[in-house]
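Structure for the following, please:
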Amino acid sequence: MAPRFIHILKTMTIRFTKSLKRFFPELTTLNVHSDSLQSVLMEVNKIYPGIRQYILDERGSLRKHVNIFIDGEMLNDRITLSDNIDTANEIYILQALSGG
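Residues are numbered from 1 along each chain as shown. Predicted coordinates for the structure are as follows:
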């Protein structure tokens with residue numbers, strides 16, 4: 001009999017910038033169990049419907065006006081969101097500000 005491997009989902013704290021409250025007034029820090037950034041965003045979207053479409057474009061890539069930090073490091077893969085979050089404790093999602 002082959003050994004069974006149990007995949008344990010890690011709990012991560014998801015934080016948001018205050019500027020996102022303009023669009024999602026009830027937005028607050030969350031604890032999410034997940035194994036990928038895509039599934040983190042799906043879990044967040046269950047709690048705050050529509051936020052995933054605000055963060056990602058129609059192709060599933062990170063929008064230009066949004067940044068994500070994983071344990072203080074900016075997300076590298078803005079296209080497929082494949083950055084490893086296996087050891088992540090905190091994900092910070094923020095609206096990037098621009099202008100002059």
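
all helices for the protein, in order.
37-47, 51-55 (DSSP state H).

Let me have those helices in CSV, extended by mean pLDDT and mean neighbour count.
For glycine as for every other residue, the C-beta is placed from the backbone atoms N, C-alpha and C. Putting those into CSV (pLDDT from 0 to 100; neighbours: other CB atoms under 10 Å) gives the following:
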stretch, mean pLDDT, mean neighbour count
helix 37-47, 94, 17
helix 51-55, 94, 17
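
need the ones you listed in CSV with distance to residue 86, can you?
Shown next, in CSV, are those (distance: least, CB to CB, whole Å):
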stretch, distance to residue 86
helix 37-47, 11
helix 51-55, 21
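
Of all the ones you listed, which one is nearest residue 20?
Minimum separation from residue 20 across the helices of the chain (CB to CB) falls at helix 51-55, 7.8 Å.

Quick check: which helices or strands does the closest one pack against?
In terms of contacts (3 or more CB pairs under 8 Å, 6 or more residues apart in numbering; DSSP states H and E), helix 51-55 is packed against helix 37-47, strand 66-70.
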